[in-house]
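A.B. asks: Model the structure of this input:
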Amino acid sequence: DMAEPIQQLTRNNSPQERQSIPFTLIHRKEKLGDLLYEKRQYGKAKWACIKMKEKQYEQSICLGFMKLMRYICEQNSSGLYLGITIPIVTIVHTNESQSEMTQSVTVAYYLPEVLQEEPPHPFDSDIIIEEWPSTIVYSR
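C.D. replies: Model prediction:
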C-alpha cells in the first residue's frame with residue numbers, strides 16, 4: 001500500500017529538497033557535547049494534521065505518518081508531490097489533569113512556504129489543514 005509513496009519520496013528526497021521549518025532557538029540542552037534536545041519557537045503557519053488513537057501511541061504515530069505521506073506524495077487536490085519539510089511534528093495528548101498520556105496523538109506536517117497561502121486539499125478526510133499560532137516545539 002505504501003510502495004508508491006515510498007518510491008515517490010526516494011525519487012524526490014535529496015537533502016537539498018528538504019525544507020527546514022524556520023524557527024527561533026529558545027534553548028539547547030547538551031550533555032558531554034551531545035545534543036539532547038532543542039526548545040524551538042515556530043511562527044504562525046498552516047499544517048496538515050491527523051489525529052490518531054490506536055492501542056499504543058507508537059502505532060498512532062506510524063499510521064498517522066503513513067497517511068500524511070500519502071497526502072505529501074500526490075493524494076491531494078494538486079496531484080503533485082508536495083515536498084518534505086522537517087521536522088514532522090508529533091503531539092502526544094494528555095488527560096484533563098495532564099497527569100497521564102492518552103492513546104491519542106496528532107501527527108503534523110508543515111506545508112512548504114509556496115503552499116502556505118493555498119494548501120492542496122487532502123483526499124483523506126482524516127487529514128485537516130490547520131493554521132497554528134506561534135508554537136513551542138521540543139526537538140530531538
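A.B. asks: How far does stretch 27-42 stretch from one end to the other?
C.D. replies: Distance between the boundary residues of stretch 27-42 (CA to CA, to the nearest Å) amounts to 13 Å.
A.B. asks: Look up how far Ser60 lies from the nearest residue in space to Lys51 that is not next to it in sequence.
C.D. replies: Taking CB to CB, 6 or more residues apart in numbering, and ignoring the residues beside it in sequence, Lys51 has Thr106 as its nearest neighbour in space, at 4.9 Å. For every residue, glycine as well, the C-beta is placed using N, CA and C. Noted for Thr106: a distance of 9 Å to Ser60, by CB to CB, to the nearest Å.
A.B. asks: And these two? Which one has more around it.
C.D. replies: Neighbours were counted for Thr106 and for Ser60 using other CB atoms under 10 Å; Ser60 has more, 24 against 19.
A.B. asks: sec struct for that one, please.
C.D. replies: Three-state assignment for Ser60 (DSSP: H, G, I helix; E, B strand; the rest coil): helix.
A.B. asks: Go ahead and confirm it touches Met66.
C.D. replies: No. Between Ser60 and Met66 no contact is recorded; they are 10.9 Å apart, counting by CB atoms under 8 Å.
A.B. asks: quick revisit: mutual contacts of Thr106 and Ser60, please.
C.D. replies: When contacts are counted by CB atoms under 8 Å, 6 or more residues apart in numbering, the set common to Thr106 and Ser60 consists of Met52.
A.B. asks: Help me confirm that Val92 is found in a strand?
C.D. replies: Yes. Val92: assigned to a strand according to three-state DSSP.
A.B. asks: residues contacting it?
C.D. replies: Contacts were defined as CB under 8 Å, 6+ apart; by that measure Val92 touches 57, 101, 105.
A.B. asks: Kindly recompute the last result at 6 Å.
C.D. replies: Going by CB atoms under 6 Å, 6 or more residues apart in numbering, Val92 touches 101, 105.
A.B. asks: What separation do you get for it and Gln59?
C.D. replies: For Val92, the distance to Gln59 - CB to CB - is 13 Å.
A.B. asks: Give me the neighbour count for Thr24.
C.D. replies: By the other CB under 10 Å criterion, the neighbourhood of Thr24 contains 10 residues.
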